[in-house]
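Asks: following is a predicted model, sequence given first.
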Amino acid sequence: MARWDGLRAFFGRSPKARPALAPGSEAAHAAPAVWNGPGGWTGLPAAAGSRGRAGAWLAVAGLWLAVSLEGSDPCRGLWVGQVTLNFVNEVTVPLDQNNVPIAPDPQRPTPTHDQANLRLILHVSGGGQVSLLKDVAVLNRAASTEGSAGSSASNLQVRTESDVALVTDPRLYGEFSPQPAQRYASAVFDFGDSKATQAVEEVLNRAAEEAAASVANSTLDFSSATGRSQAEAAAKAAAESATGPIADHADVAQTFFEFLDFLNRARVDQIALSSTEASLARTEAEQRRDQSFYHDTRPVDMVDAIAAAVEALAPDADDAVKKKAAQTMAAAYADLANDYHRFLAGQRFGAMIDAAGQAAAAAAVADGATEASIRAAVLADGTVNDAKTEALRIQVSAYDDSRAMDAVGQVLEAVIASAVAALPAAAADQDPIATAAAAAGRTELADNVARFPVSAAGPTSDYTAFVRSTRYASSSGVAAEAAAAAAVAERSQNTLWTADSLKKAARLAAAEALSSALAEAALTLRHELPLEGHFGPGLGDARLRWEIQAGGGAPLSADAALKGTIYLPANHPTNPFRHRRNPEHATGVDITRSIRLDFDGSPGDVLPRAGYGVDRITGVYREEVFGLHKRLGPQQDTGLIVEGRFVLNRVSLIDALNAH
């Protein structure tokens, strides 16, 4: 299957006509590629095989620095720790000695008598993007079983990070051998994919509004059956007309695929050479973003990233370099399954490094060893060629994507250079050379192999499956019919009806009619919650508000290091205000948790050590909750606020989740 079709299949969509590939691209997927050092890769199209070894990397270093991070983020990996909450804002209004109410400042959390402890789990990708996790399993890729007795200790030994995977999706456990594994979890961040519930609520609310408005403005005779029937039909038609586009545009995965068809290879080249083309592409991206309640920003982000990659190049960069920068960034955004980063963090890439080190060492201690003989031995290794085949497989064929092949070549060059540096070598030096060569490859992978943006705005596969289901497709008609009937009944049976009472009746009826859709939406899962901002010492404002006021310092900065929002819709089955047997509580209230983290220290500080080589970082955790209590403050814009300090320890350097 071609890579473009594979992207569509990943989201459960039957492939449509894919964009035309550049000459040689199909051959690139079938023919083996060979990295020949100064000549670059052979067996690839000219555009993909144009890079050479280390010297050539320096020649195009400006390009790579402009379009990606040079190496993995220094704070990458899995961080696990604890939050200690011991400050909360006051919601009661006490009386003074004269019985005069003295309202406390709701923006100022005050010390509590006791404390609450929360488990906090964060993951930082190689590109520096941070996700809040509710649970993660640490699984051994190299584990195997022996008979009925299960796994032996020797088979479970972890030698390198490449032997370990961080898995947040329990549905992937079956891809690993049975084994005793470690799992970190936090009960206080049990979030699902609220976007699926929001998709139903958008239909529900719009149906209720339109049906109620139609009935309220109707001049028909509601005392007659004919008048009620006509009013109900008109209200249903109005509701269906308003809710149909919501359901039609809910499938943002398909919308993005269509945008990728629009933003083809030729148009990316045009954007690289013309700011006018970039402006036109952005207009198209904005239209696709704004047509859905989901507000998928990926099209706009993609165009902006392509333009930024080109603008960051040297002023005298030629057209070929500009096009390459644009194509590479386009491929990074079209890599919806994050195959590139998972490949770098996967077992196959790690095995390639070890095998290349062994092959290079064996060649280095042979009689008459030279750089050419070492390179030939490395490139002939079967494990190395397996990695190259995988690198070809994961290319985004719609664009000029050589990211994975470049990463393989770059790491192999580091391995080869390490072995060459040991010449001349004796047979006794083989193991040390192999160890040093593999270490050089892993250092190159961590410090210099490019990482790229991974958009956090896209839908989950569960969301996409739900909005493509028959149940959701029929939700517009179901909600419209129920809302129209309830609004007509309210007006005809209640002589004191109001516009609000019509809307309330319509909404309750629509919610009841869509209860099965809401229940199905609640089953959709999100395993990671993307956070905005950056992770690192000294970022944000790590001062407690109580300390700020007590010390007379400057107000808390609005610039958070990390922030995110957990949203629990009113109609979500786990909403605490819903009650199955109380009609007054058929619908809950929206609950929003706004989370903020700020880090101690100064920007650029070296991460402190907790002991035994474990990195540690500390800071202040803040959370503001709306929905559990009435809003506070003169403007009624403040929720319940809690604050406390957190401590996080880095337990793994793996920079990609769910890699295998």
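Replies: Received, thanks.
Asks: what packs against whichever helix or strand His113 is part of?
Replies: Assigning secondary structure by DSSP states H and E places His113 in strand 110-124. Packing partners of strand 110-124 (3 or more CB pairs under 8 Å, 6 or more residues apart in numbering; DSSP states H and E): strand 77-88, strand 130-133, strand 135-140, strand 182-185, strand 640-652. Any C-beta I mention is one placed from the backbone N, CA and C, and that applies to glycine too.
Asks: closest one to Gln291 among those?
Replies: Of all the helices and strands packed on strand 110-124, it is strand 130-133 that lies closest to Gln291, at 27.4 Å by CB to CB.
Asks: contact partners of that closest one?
Replies: If you take CB atoms under 8 Å, 6 or more residues apart in numbering as the criterion, strand 130-133 is touched by 121-125, 168, 184, 186, 189, 456, 527-531, 533-535, 562, 564, 595, 657.
Asks: please apply the same query to stretch 623-636.
Replies: So stretch 623-636 is contacted by 89, 91, 106-107, 568, 577, 589-596, 637-643 (CB under 8 Å, 6+ apart).
Asks: can you give me how far that stretch is from the chain middle?
Replies: Here stretch 623-636 is found 29 Å from its chain centre; the criterion is CA atoms, centre = their mean, to the nearest Å.
Asks: tell me where the stretch 451-600 of the chain has helices.
Replies: Shown for the stretch 451-600 of the chain, the helices assigned by DSSP state H, counting those that start in this stretch span residues 461-467, 470-473, 475-493, 499-513, 515-522, 545-551.
Asks: ranking those helices by burial, who's on top?
Replies: helix 475-493 (a mean of 25; mean count of other CB atoms under 10 Å).
Asks: return the distance of that helix from the chain's centre.
Replies: Put simply, helix 475-493 sits 39 Å off its chain's centre (CA atoms, centre = their mean).
Asks: elements contacting it?
Replies: Under the contact definition 3+ CB pairs under 8 Å, 6+ apart, helix 475-493 sits against helix 194-216, helix 225-248, helix 499-513.
Asks: and that helix with helix 515-522, angle?
Replies: 140 degrees (axes from the mean of the first three to the mean of the last three CA atoms, to 10 degrees).
Asks: from the centroid of this protein, which residue is nearest?
Replies: What sits nearest the mean C-alpha location of the chain, by CA atoms, centre = their mean, is Ala456, with 3.5 Å.
Asks: quick one: contacts for the residue nearest to that residue when sequence neighbours are not counted?
Replies: Distances taken as CB to CB, 6 or more residues apart in numbering place Pro530 nearest to Ala456, at 3.2 Å, with adjacent residues excluded. Contacts for Pro530 (CB under 8 Å, 6+ apart) come out as Gln129, Val130, Ser131, Leu132, Ala456, Gly564.
Asks: most surrounded residue in those residues?
Replies: Val130 (25 neighbours; other CB atoms under 10 Å).
Asks: ok so, going back, okay if I get the helices and strands packed on strand 110-124 as JSON lines plus mean pLDDT?
Replies: Below are the helices and strands packed on strand 110-124 laid out as JSON lines (pLDDT from 0 to 100):
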{"stretch": "strand 77-88", "mean pLDDT": "96"}
{"stretch": "strand 130-133", "mean pLDDT": "96"}
{"stretch": "strand 135-140", "mean pLDDT": "93"}
{"stretch": "strand 182-185", "mean pLDDT": "93"}
{"stretch": "strand 640-652", "mean pLDDT": "95"}
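Asks: deepest of those, which one?
Replies: Highest mean neighbour count among the helices and strands packed on strand 110-124 (mean count of other CB under 10 Å): strand 130-133, with a mean of 22.
Asks: can you list the strands that it pairs with?
Replies: The pairing partners recorded for strand 130-133 under DSSP bridges are strand 110-124 (antiparallel), strand 528-533 (antiparallel).
Asks: JSON lines for these, including mean pLDDT and distance to Arg289?
Replies: Putting the strands paired with strand 130-133 into JSON lines (pLDDT from 0 to 100; distance: least, CB to CB, whole Å) gives the following:
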{"stretch": "strand 110-124", "mean pLDDT": "95", "distance to Arg289": "27"}
{"stretch": "strand 528-533", "mean pLDDT": "93", "distance to Arg289": "17"}
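Asks: for Gly368, which of the ones you listed is the nearest?
Replies: Among those, strand 110-124 comes nearest to Gly368, with 46.7 Å by CB to CB.
Asks: now the closest one: buried residues?
Replies: For strand 110-124, the neighbour count (16 or more other CB atoms under 10 Å) marks Leu118, Arg119, Leu120, Ile121, Leu122, His123, Val124 as buried.
Asks: Pro453: neighbouring residues, count only.
Replies: Residues near Pro453, counting by other CB under 10 Å, number 18.
Asks: look up how far Ser461 lies from it.
Replies: 20 Å (CB to CB, to the nearest Å).
Asks: so, low pLDDT: which residues of the stretch 151-300 of the chain?
Replies: Confidence mapping of the stretch 151-300 of the chain against pLDDT under 70 gives the ranges 151-159.
Asks: which residues sit in contact with Gly533?
Replies: Val130, Leu539, Gly540, Ala560, Ala561, Leu562, Lys563.
Asks: err, Asp290, not the other one
Replies: So Asp290 contacts nothing (CB under 8 Å, 6+ apart).
Asks: let's see 10 Å
Replies: Asp290 makes contacts with His249, Asp296, Val300, as judged by CB atoms under 10 Å, 6 or more residues apart in numbering.
Asks: if I look at it, how far off is Thr255?
Replies: In this view, Asp290 and Thr255 are 11 Å apart by CB to CB.
Asks: coming back round to it: out of the helices and strands packed on helix 475-493, which is the most enclosed?
Replies: Sorting the helices and strands packed on helix 475-493 by mean neighbours (by mean count of other CB under 10 Å), the first place falls to helix 194-216, with a mean of 26.
Asks: what is it packed up against?
Replies: On a contact count with 3 or more CB pairs under 10 Å, 6 or more residues apart in numbering; DSSP states H and E, helix 194-216 meets helix 225-248, helix 461-467, helix 470-473, helix 475-493, helix 499-513, helix 515-522, strand 562-568.
Asks: make CSV out of the helices and strands packed on helix 475-493 and add distance to Asn338.
Replies: Shown next, in CSV, are these (distance: least, CB to CB, whole Å):
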stretch, distance to Asn338
helix 194-216, 19
helix 225-248, 28
helix 499-513, 36
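Asks: of those helices, which is nearest Arg442?
Replies: Taking CB to CB, helix 194-216 is the member of those nearest to Arg442, at 38.0 Å.
Asks: chain center to that closest one, what's the gap?
Replies: 29 Å.
Asks: now do stretch 240-255
Replies: In this view, stretch 240-255 has its centroid 23 Å away from the chain centroid, taken as CA atoms, centre = their mean.
Asks: start to end distance for it?
Replies: Stretch 240-255 has an end-to-end distance of 22 Å (criterion: CA to CA, to the nearest Å).
Asks: circling back: looking at the helices and strands packed on helix 194-216, spot the one closest to Thr328.
Replies: Closest approach to Thr328 among the helices and strands packed on helix 194-216 (CB to CB): helix 461-467, 25.8 Å.
Asks: can you list contacts of the closest one?
Replies: By CB under 10 Å, 6+ apart, helix 461-467 touches 10-13, 169, 171, 192-200, 247-254, 292, 294, 337, 458-460, 472-473, 475, 517, 520-521, 523-527.
Asks: restricting to C-alpha, output that helix in CSV.
Replies: Only the C-alpha atoms of helix 461-467 are listed here, as CSV (Å, rounded to 0.1, in the frame of the first residue of the first chain):
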residue,chain,number,x,y,z
SER,A,461,-9.1,7.8,15.9
ASP,A,462,-11.9,7.2,18.4
TYR,A,463,-13.4,10.6,17.6
THR,A,464,-13.1,10.0,13.9
ALA,A,465,-14.8,6.6,14.1
PHE,A,466,-17.6,8.1,16.1
VAL,A,467,-18.5,11.0,13.8
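Asks: rounded mean pLDDT for it, please.
Replies: Averaged over helix 461-467, pLDDT sits at 95.
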